[in-house]
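Trainee: Just to be clear, the model below is a prediction. Sequence and coordinates:
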Amino acid sequence: MTEGLTSTETKRDRVRRLLIHPLVEHGFRKPGNVKADQHEAFMVKLADALAYMSDPQLGALRDMLRYRGEGKGRDAWPTMATIAALAETVAPRPVEEHPTIVSWFRSARGPQALAEGVLLAEFLFLEKRKRPPLNDSERRVIRERAQDMRRELELRRDRQRRDMLREGDADWLRNYAGLERRVKALLPETAQQMEGAGRW
């Protein structure tokens, strides 16, 4: 995702080159009520937050932000919330980049979700909502989705065993395996070792 990165350029530098510097040249300035050191810290935080985006995605975000300046002259940098929301429309941030979500799976909850058989369904919920389930209703939705996914997996694997795959089965199984690898990589190492040893 950092295809435009030169040998001496950091990810932070790349965001500055493709998004921050062009917007400054366009006329964006520090908001009047923000101190210089606070603004510089904001720029660093912004560059780090957007480092996951590809060069074309940063270009698209830059073009969208040109018309989102704040303040009287509409030329002050927007808030992080505004920029993050636009970035999500251009390129949703991978779940693995969200510290809250990563810590959720690295905590006791990851191994527990694995043991309950809802790990992938819970991951998909967090990927969509960017937060853990909050109530029994949402947890029930996750359990039901996990059951549906298990049934679908068994059905397609059965057809694969019988050499009777239908159109789309191979892609579905490949996508499922990729999703499973992504999610299990978020688990604490002890859970990965126990799962690999067949103790779950």
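Mentor: Received the coordinates, thanks. Source: prediction; values computed, not measured.
Trainee: Give me the distance between the residue of the chain most remote from its centre and Asp148.
Mentor: Distance from the C-alpha centroid of the chain peaks at Arg162, with 36.8 Å (CA atoms, centre = their mean). To Asp148, Arg162 is 22 Å away according to CB to CB, to the nearest Å. C-beta here means a position set from N, CA and C on the backbone, and glycine is covered the same way.
Trainee: separation between the residue farthest from the centre of the chain and Phe28?
Mentor: Arg162 is 61 Å from Phe28, by CB to CB.
Trainee: pLDDT weak spots in the protein?
Mentor: 1-7, 190-200 (pLDDT under 70).
Trainee: which residues of it fall in helices?
Mentor: Remark: helices assigned in the chain by DSSP state H are 11-15, 21-26, 36-49, 55-65, 80-90, 99-106, 109-116, 119-129, 136-161, 169-184, 189-196.
Trainee: so what's the closest residue to Lys11 other than its chain neighbours up against?
Mentor: Distances taken as CB to CB, 6 or more residues apart in numbering place Ala51 nearest to Lys11, at 3.9 Å, with adjacent residues excluded. Contacts were defined as CB atoms under 8 Å, 6 or more residues apart in numbering; by that measure Ala51 touches 2, 11-12, 14-15.
Trainee: Same check on Glu167?
Mentor: Contacts of Glu167 (CB under 8 Å, 6+ apart): none.
Trainee: Arg29 contacts Arg74, doesn't it?
Mentor: No - using CB atoms under 8 Å, Arg29 is not in contact with Arg74, being 10.9 Å away.
Trainee: Can you pick out the residue with more neighbours from these two?
Mentor: Higher neighbour count among Arg29 and Arg74: Arg29, with 14 against 11, using other CB atoms under 10 Å.
Trainee: Roughly how far does the more buried one sit from Leu119?
Mentor: For Arg29 relative to Leu119 (CB to CB), the value is 47 Å.
Trainee: again with Asp48
Mentor: 29 Å.
Trainee: One more: Leu165?
Mentor: From Leu165 to Leu119 the distance is 25 Å (CB to CB).
Trainee: Quick check on those two: which one has the bigger neighbour count.
Mentor: Neighbours per residue (other CB under 10 Å) separate Leu165 from Leu119, with Leu119 holding more: 26 against 15.
Trainee: tell me the contacts of that one?
Mentor: 110, 113, 183-184.
Trainee: rerun at 7 Å
Mentor: 113, 183 (CB atoms under 7 Å, 6 or more residues apart in numbering).
Trainee: Around the closest residue in space to Leu165 that isn't next to it in sequence, how many other residues sit close by?
Mentor: Leaving aside its sequence neighbours, Leu165 sits nearest to Arg159 (CB to CB, 6+ apart; 5.4 Å). Using other CB under 10 Å, Arg159 has 14 neighbouring residues.
Trainee: Alright, I will stop here.
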